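Novice: let's see this in three dimensions:
(4 chains)
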There are 4 protein chains.
Amino acid sequence: MSDSISELTSQIQTFVDDRDWRKFHNAKDLAVAIAAEAGELMQHFVWQQEEQIEKRLEKNREEIASEIADVAILLFEFADNLGFKLGDVMQAKLAYNNVRYPVEKSRGNNLKYSEL
Amino acid sequence: MSDSISELTSQIQTFVDDRDWRKFHNAKDLAVAIAAEAGELMQHFVWQQEEQIEKRLEKNREEIASEIADVAILLFEFADNLGFKLGDVMQAKLAYNNVRYPVEKSRGNNLKYSEL
Amino acid sequence: MSDSISELTSQIQTFVDDRDWRKFHNAKDLAVAIAAEAGELMQHFVWQQEEQIEKRLEKNREEIASEIADVAILLFEFADNLGFKLGDVMQAKLAYNNVRYPVEKSRGNNLKYSEL
Amino acid sequence: MSDSISELTSQIQTFVDDRDWRKFHNAKDLAVAIAAEAGELMQHFVWQQEEQIEKRLEKNREEIASEIADVAILLFEFADNLGFKLGDVMQAKLAYNNVRYPVEKSRGNNLKYSEL
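Specialist: This next block holds a predicted model:
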């Protein structure tokens, strides 16, 4: 059931526990690892100009999928370790963003909520 | 149904489309935003020593949940924009990691697969 | 003499030692702090489109200078802690880049050395 | 004269201009590249525990020096492109930090200025 956050989280935690890695996966090291993996994902686009991005995506499609998975796997574990249901946290943030970025004010512009 | 990646992704894409933001959300800018949000998440742990982490988590629990959500929301959108099912990509990576990190070799140590 | 790397490094180390902070400034925490500060610097440009960058630079000129300084101060300390002369390390890398990116091959294009 | 920021900056700008790369080096792409390189530097310490850091430093000494140089080279160029003298900006920030982190209050603790 790869669409279920809780199922995926359970698979991830089993993977970690099978290797006795929980002792390494404290909150700080997880946050650092997430940022490092997000940096690897971004690496694919460094210096790329607008018209080059599509080609880059085609060429590195597998690696990019793999980097996305790396960030997601760590993020699912992190949320779970802290006792959060990731989906609930995401919906709460979406609801909050809905207030901060009212459709009529933010439509078609990329201003930050503090600048609206 | 906040446990379903596809449901959450659909909510996120509606949020983006309601604001006509798809034109800003090219792959490069999404990757940059994900790395920036992951950096904000990491900020909570900069200079923190092992014995301080628990207190930090308690004190900043809400902000940390909010940063996790920020990374996750962008990551779900990114995967979807590239035509990936995030859960499938994650399971593929877990299966690959299972090969790279055999339980018997990686149990209890934090060596990289290339160092095992 | 604010043009001298060694003078600035000496000022930075005095600042750190005056506060007895050397015990916090191990290599890992310095590398994490540098990445976090570089993330803050990047924050100023998230979602910004080409035609918006100049205005952003004008508006946030002081903050951007401050973020650049944060990264630089930590980087100078880091290099010094590891026993490197930062300027020497930079010149060695420039010489190496000169070999990896021959002028005739890299002129006017943004290909990585591995793609030239 | 590898101790002089202005000399090194001049060498860097010559390197960039020889390759006609200034057109790629807008502020956003430079900030993104700096964050990506800082991420690579941090990669060396991901999951590393306190007692492993020294060994890691010894083993990867050359690569770490190279990553430090990458961040520094881009940072020197960035400051110069924005019209800042990096050393002046650093000294201004050190002076500001001196006010935010009074020796008597911050000595021996790692609290943020906002928590002092």
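Novice: and the helix or strand containing A:Ala36 with helix B:27-43, angle?
Specialist: Under the criterion of DSSP states H and E, A:Ala36 resides in helix A:27-43. Here helix A:27-43 points in a direction 160 degrees away from that of helix B:27-43 (axes from the mean of the first three to the mean of the last three C-alpha atoms, to 10 degrees).
Novice: my guess is A:Gln91 meets B:Ser2, correct?
Specialist: Yes - applying C-beta atoms under 8 Å as the test, A:Gln91 and B:Ser2 come out as touching, 5.0 Å apart. To be clear about C-beta, it is placed using only N, CA and C from the backbone, and glycine gets the same treatment.
Novice: coming back round to it: which secondary structure elements does the helix or strand just after the helix holding A:Ala36 contact?
Specialist: Counting by DSSP H and E, the next helix or strand C-terminal to helix A:27-43 is helix A:53-59. Counting contacts by 3 or more C-beta pairs under 8 Å, 6 or more residues apart in numbering or on different chains; DSSP states H and E, helix A:53-59 packs against helix B:27-43.
Novice: pLDDT on the helix it packs on, on average?
Specialist: Mean pLDDT, helix B:27-43: 98.
Novice: please apply the same query to stretch A:15-22.
Specialist: Here the average pLDDT along stretch A:15-22 is 96.
Novice: dump that stretch to CSV, keeping only the CA atoms.
Specialist: Extracted as CSV, the C-alpha positions of stretch A:15-22 are listed here (Å, rounded to 0.1, in the frame of the first residue of the first chain):
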residue,chain,number,x,y,z
PHE,A,15,14.2,-0.9,8.0
VAL,A,16,15.8,1.3,10.7
ASP,A,17,15.1,-1.1,13.6
ASP,A,18,16.4,-4.2,11.6
ARG,A,19,19.8,-2.4,11.5
ASP,A,20,19.6,-1.0,15.0
TRP,A,21,20.0,2.5,13.6
ARG,A,22,17.6,4.2,15.9
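Novice: picking that back up, anything in contact with each of A:Gln91 and B:Ser2?
Specialist: Between them, A:Gln91 and B:Ser2 share these contacting residues under C-beta atoms under 8 Å, 6 or more residues apart in numbering or on different chains: B:Leu8.
Novice: how about the one helix or strand A:Gln13 maps to and chain D, any contact?
Specialist: Per DSSP H and E, A:Gln13 falls inside helix A:5-18. No - under the criterion of C-beta under 8 Å from any C-beta of the partner chain, helix A:5-18 makes no contact with chain D; the nearest approach is 12.2 Å.
Novice: list the buried residues for that helix?
Specialist: A:Ile5, A:Leu8, A:Thr9, A:Gln11, A:Ile12, A:Gln13, A:Phe15, A:Val16 (16 or more other C-beta atoms under 10 Å in any protein chain shown).
Novice: which neighbouring elements make contact with it?
Specialist: Partner elements for helix A:5-18 (3+ C-beta pairs under 8 Å, 6+ apart): helix A:61-81, helix A:86-100, helix B:5-18, helix B:86-100.
Novice: can I get these in TSV with distance to D:Phe45?
Specialist: Shown next, in TSV, are those (distance: least, C-beta to C-beta, whole Å):
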stretch	distance to D:Phe45
helix A:61-81	16
helix A:86-100	26
helix B:5-18	31
helix B:86-100	20
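Novice: for those helices, which one sits closest to C:Ile68?
Specialist: Closest approach to C:Ile68 among those is made by helix A:61-81 (26.9 Å; C-beta to C-beta).
Novice: that closest one near chain C at all?
Specialist: No - using C-beta under 8 Å from any C-beta, helix A:61-81 stays clear of chain C, coming no nearer than 13.4 Å.
Novice: that helix close to chain B?
Specialist: Yes - using C-beta under 8 Å from any C-beta, we find that helix A:61-81 touches chain B at A:61, A:64-66, A:68-73, A:75-76, A:78-79.
Novice: now do the buried residues in that helix.
Specialist: Buried, per 16+ other C-beta under 10 Å, within helix A:61-81: A:64-81.
Novice: pLDDT (mean, whole number) over it?
Specialist: 98.
Novice: taking helix B:27-43 as reference, get the angle to that helix.
Specialist: Going by the same axes, to 10 degrees, helix A:61-81 makes 30 degrees with helix B:27-43.
Novice: tell me the angle helix A:61-81 makes with helix B:86-100.
Specialist: 90 degrees.
Novice: ok, and what's touching helix A:61-81?
Specialist: A:5, A:8-9, A:12-13, A:16, A:25, A:27, A:30-31, A:33-34, A:37-38, A:40-41, A:44, A:57, A:85-86, A:89, B:34, B:38, B:65, B:68, B:71-72, B:75, B:78-79, B:82, B:84, B:86, B:89-90, B:92-94, B:96.
Novice: quick one: distance of it to the chain centre.
Specialist: With C-alpha atoms, centre = their mean, to the nearest Å as the basis, helix A:61-81 stands 6 Å off its chain's centre.
Novice: gap between the residue of chain A most remote from its centre and B:Arg19?
Specialist: For chain A, the largest distance from the centre (C-alpha atoms, centre = their mean) belongs to A:Glu104, which lies 27.7 Å off. Distance of A:Glu104 to B:Arg19, computed by C-beta to C-beta, to the nearest Å: 10 Å.
Novice: do A:Ala79 as well
Specialist: A:Ala79 is 26 Å from B:Arg19, by C-beta to C-beta.
Novice: what is the nearest of the residues of helix A:61-81 next to chain B to chain D?
Specialist: Using C-beta to the nearest C-beta, the shortest approach to chain D within the residues of helix A:61-81 next to chain B belongs to A:Asp70, at 11.2 Å.
Novice: torsion angles phi and psi at the closest residue to A:Val16 other than its chain neighbours?
Specialist: Spatially, and ignoring its direct neighbours in sequence, A:Val16 is nearest to A:Arg22 (5.8 Å; C-beta to C-beta, 6 or more residues apart in numbering or on different chains). Main-chain torsions, A:Arg22, degrees, to the nearest 10: phi -60, psi -30.
Novice: just give me the neighbour total for A:Arg22.
Specialist: 12 (other C-beta atoms under 10 Å in any protein chain shown).
Novice: A:Ala85 - how many residues pack around it?
Specialist: To be clear, residue A:85 is Lys; Ala isn't right here. 15.
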